[in-house]
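S.K.: got a sequence here, can you build the structure:
(4 chains)
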Protein chains: 2
Amino acid sequence: MSDARAPIKPNVAMMATSPLGQQSAGTNLLFLREDEIRSAQDLLFFAYRDFTAAADMILTELGLGRAHHRALHFIGRNPGIAVTDLLGLLRITKQSLARVLSQLVEDGYVAQTTGRADRRQRLLTLTDQGQALERRLFEQQRERLATAYREAGSGSVEGFRRVMRGIMDEQARAYIDGADDAARRRKG
Amino acid sequence: MSDARAPIKPNVAMMATSPLGQQSAGTNLLFLREDEIRSAQDLLFFAYRDFTAAADMILTELGLGRAHHRALHFIGRNPGIAVTDLLGLLRITKQSLARVLSQLVEDGYVAQTTGRADRRQRLLTLTDQGQALERRLFEQQRERLATAYREAGSGSVEGFRRVMRGIMDEQARAYIDGADDAARRRKG
DNA sequence: AAAGATGCGTCAACGATGCTGACGCAATTC
DNA sequence: GAATTGCGTCAGCATCGTTGACGCATCTTT
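M.R.: Have a look, this model is predicted:
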């Protein structure tokens, strides 16, 4: 038998993507770089999978899904955000958001108020109940991240942030940088 | 009007989750830590969203989805992997995998061979066509990661890896560590 | 050799979350 | 006054996850 369900190890040594049996130093270096990238693919998949797992369980019990969490998260972080701006962050269609949002409003997690400057806008905020749920979900992920930060060491966090920032597109970077600005402003 | 669709900035200064108008140094520090975690939530969402976007477009043209890519990725990295082991990596039900896998086999991307030691097993490998597709998808993500690594600086990559590793669960870490072992063995 | 466990596939039904396309209405802008 | 924008909604569809229940071949255990 094949050791049953012990965690298997990726057989990167097999180098299935290259027909070369022998490798020069050059191709070997190239290969190492390629494997480093493939390893990063693994990292992103597993980290994201396990990062969301705990919160998903709570959501399921409430009849909600991950999409609801995303909306709660960004509304909580941007109180009074307009629907179109939220759509820009999530990058989904308004029809998809509508389904999620109307359920959050109906269940009393999100409140809509008419915009003062532009009365067409529906500005979104979390209700007390919405804040409570967001916090509950947040605590799950906080735990995981706090542990990861602790184990990785404080020196690693900056590198983590820099690489993650580099992966996302320009618009997302601007958003992230804006958050950093706000934090700096508050601190200083 | 509200500046239309310029990237909005998260209003973290509003501190909607705390009723405190004034903050002591202690609560402010606590808040900063909390905001650091919330910021990491942003990072994971945006990075994952944009990391997968390019490959998704190719997949859509071929009538495939992200789930197919995940299967191709892990089969490519683990040639001859058994179905149950693949299920353990993806953490989905065998019914979900079956749908994806049977399509990949039918379209000629994946080959199944009966296990030698255990004839119940269907060992999975990429066909030449499967390798070609996986490589095409890989190149999309390689580009993004290479840019991110370059911009972040080589010193950041180790921190990135350490934090990402810390986020995932024990089993995933063992898998990741196994990949590292294999790379080290090949290099040394 | 019989009994049980395991690996894998499959039928059926359902739920969450994305998509396109088309309209309607109110409010703002030109 | 006409065009545009912000938002909601109806209708239909695809992907990909779920549970539950079987069936069959093959290994393992008794």
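S.K.: now check the helix or strand harbouring A:L104, is it near chain B?
M.R.: For A:L104, the element it lies in under DSSP states H and E is helix A:94-106. No - in terms of Cβ under 8 Å from any Cβ of the partner chain, no part of helix A:94-106 sits within range of chain B; the closest distance is 13.4 Å. From N, CA and C alone the C-beta is placed, and that goes for glycine too.
S.K.: helices and strands around that helix, which ones?
M.R.: Contact partners of helix A:94-106 among helices and strands, from 3 or more Cβ pairs under 8 Å, 6 or more residues apart in numbering or on different chains; DSSP states H and E: helix A:66-77, helix A:83-90, strand A:110-114.
S.K.: middle-most residue in chain A, spatially?
M.R.: Nearest residue to the geometric centre of chain A (Cα atoms, centre = their mean): A:Y48, 7.0 Å.
S.K.: got phi/psi on that one?
M.R.: Phi and psi for A:Y48, reported as degrees, to the nearest 10, are phi -70, psi -40.
S.K.: got the domain ranges for chain A?
M.R.: According to automatic domain parsing, chain A comprises the domains A:43-152, A:153-188.
S.K.: got the residues of chain A near DNA strand C?
M.R.: With Cβ under 7 Å from any atom of the strand as the criterion, chain A meets DNA strand C at residues A:4-5, A:63-68, A:70, A:91-93, A:95-97, A:99-100, A:118-120.
S.K.: what about the residue in chain A positioned nearest to DNA strand D, how many neighbours?
M.R.: DNA strand D sits closest to A:T84 of chain A, with a gap of 3.0 Å, by Cβ to the nearest atom of the strand. Neighbour count of A:T84, defined by other Cβ atoms under 10 Å in any protein chain shown: 16.
S.K.: equivalent analysis for A:E143, please.
M.R.: 12.
S.K.: confirm it sits in a helix?
M.R.: Yes - when DSSP: H, G, I helix; E, B strand; the rest coil is applied, A:E143 is found to be in a helix.
S.K.: any idea how far it is from B:A174?
M.R.: 21 Å (Cβ to Cβ, to the nearest Å).
S.K.: swap in A:L97?
M.R.: 38 Å.
S.K.: so for these two, which residue has more residues nearby?
M.R.: A:L97 (18 against 14).
S.K.: ok, A:R77 to A:R162 distance?
M.R.: Per Cβ to Cβ, A:R77 is found 21 Å from A:R162.
S.K.: those two: which is more packed in?
M.R.: A:R77 (24 against 19).
S.K.: was I right to think that one contacts B:R38?
M.R.: Yes - shown here, A:R77 and B:R38 form a contact pair, counting by Cβ atoms under 8 Å, at 6.4 Å.
S.K.: which ones are touching the residue in chain A that DNA strand C sits nearest to?
M.R.: Ranked by Cβ to the nearest atom of the strand, the top residue of chain A for proximity to DNA strand C is A:G65, at 1.7 Å. With contacts defined as Cβ atoms under 8 Å, 6 or more residues apart in numbering or on different chains, A:G65 is in contact with A:D56, A:L59, A:V100.
S.K.: the second one in helix, strand or coil?
M.R.: Read that as A:L59. A:L59 ends up helix, using three-state DSSP.
S.K.: can you get me a residue count around it?
M.R.: Neighbourhood size, A:L59 [other Cβ under 10 Å]: 20.
S.K.: you'd agree it is up against A:R66?
M.R.: Yes - A:L59 lies in contact with A:R66 (Cβ under 8 Å); the separation is 6.7 Å.
S.K.: A:I92 should be in a strand, yeah?
M.R.: No - going by three-state DSSP, the assignment for A:I92 is coil, not a strand.
S.K.: look up the closest residue to it, ignoring the ones flanking it.
M.R.: In this structure, A:I92 finds its nearest non-sequential neighbour in A:A67, 7.9 Å apart by Cβ to Cβ, 6 or more residues apart in numbering or on different chains.
S.K.: is it true that the one you found touches A:S96?
M.R.: Yes - counting by Cβ under 8 Å, A:S96 is a contact partner of A:A67 at 7.5 Å.
S.K.: hang on, the earlier thing: burial-wise, tell me which of the helices and strands packed on helix A:94-106 comes out on top.
M.R.: Ranked by mean neighbour count, these are led by helix A:66-77 with a mean of 22 (mean count of other Cβ atoms under 10 Å in any protein chain shown).
S.K.: much appreciated, bye for now.
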